[in-house]
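Quick one, structure for this:
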Amino acid sequence: MKMNPLSRFATLLALVSPSAALAQVQANDPQGAGPIVNALAWLQGTLLGSVATAVAVMAVAAVGFMMLTGRMNWRFGATVIIGVFILFGAASIVAGIQAAAG
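Modelled structure (predicted):
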């Protein structure tokens, strides 16, 4: 089964989410990992900050409008919206997986 490029991108984005990387680094904090944690925290703040939230809101609004006017396939639009939820919910998703794993 061949994945479309957007699904592949969404999967890759979910796998390399800074929130997931930050949660993994905090579990094992070796000596000298401070700069890495600081860099990941900065990246997380940039990707999940107010500017990113505003861009995501505009993207969801544009995709929703295009879906309602028939200019975009509903499946593609739903993929974009689900990708936004995964991006902003990555920290909660990782915390839930870690809690379930023990």
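
Who are the packing partners of the helix or strand harbouring V94?
Element membership for V94 (DSSP states H and E) is helix 90-101. Contact analysis of helix 90-101 by 3 or more C-beta pairs under 8 Å, 6 or more residues apart in numbering; DSSP states H and E lists helix 18-27 as its packing neighbours. To be clear about C-beta, it is placed using only N, CA and C from the backbone, and glycine gets the same treatment.

which other helices and strands contact whatever helix or strand comes next after the helix it packs on?
Using DSSP H and E, the helix or strand that follows helix 18-27 towards the C-terminus is helix 34-47. Applying 3+ C-beta pairs under 8 Å, 6+ apart, we find helix 34-47 packed against helix 18-27.

The helix it packs on - what's its average pLDDT?
Averaging pLDDT along helix 18-27 gives 54.

What about A95, how many residues nearby?
12 (other C-beta atoms under 10 Å).

Go ahead and name everything in contact with the longest helix seen in the chain.
Ranked by number of residues, the top helix in the chain under DSSP state H is helix 50-68. Residues outside helix 50-68 that contact it (C-beta atoms under 8 Å, 6 or more residues apart in numbering) are 46, 72-74, 77, 80-81, 84, 87-88.

rerun that using 10 Å as the cut-off
Contacts of helix 50-68 with the rest of the structure, by C-beta atoms under 10 Å, 6 or more residues apart in numbering, involve 45-46, 48, 71-81, 83-85, 87-88.

Quick one: mark the members of those that sit in helices.
Going by DSSP H, the helices hold 45-46, 74-81, 83-85, 87-88 from the contacts of helix 50-68.

Only the buried members of those: can you turn that into a PyMOL selection?
Buried subset of these, written as a PyMOL selection, criterion 16 or more other C-beta atoms under 10 Å:
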select buried, resi 77+79+80+83+84+87+88
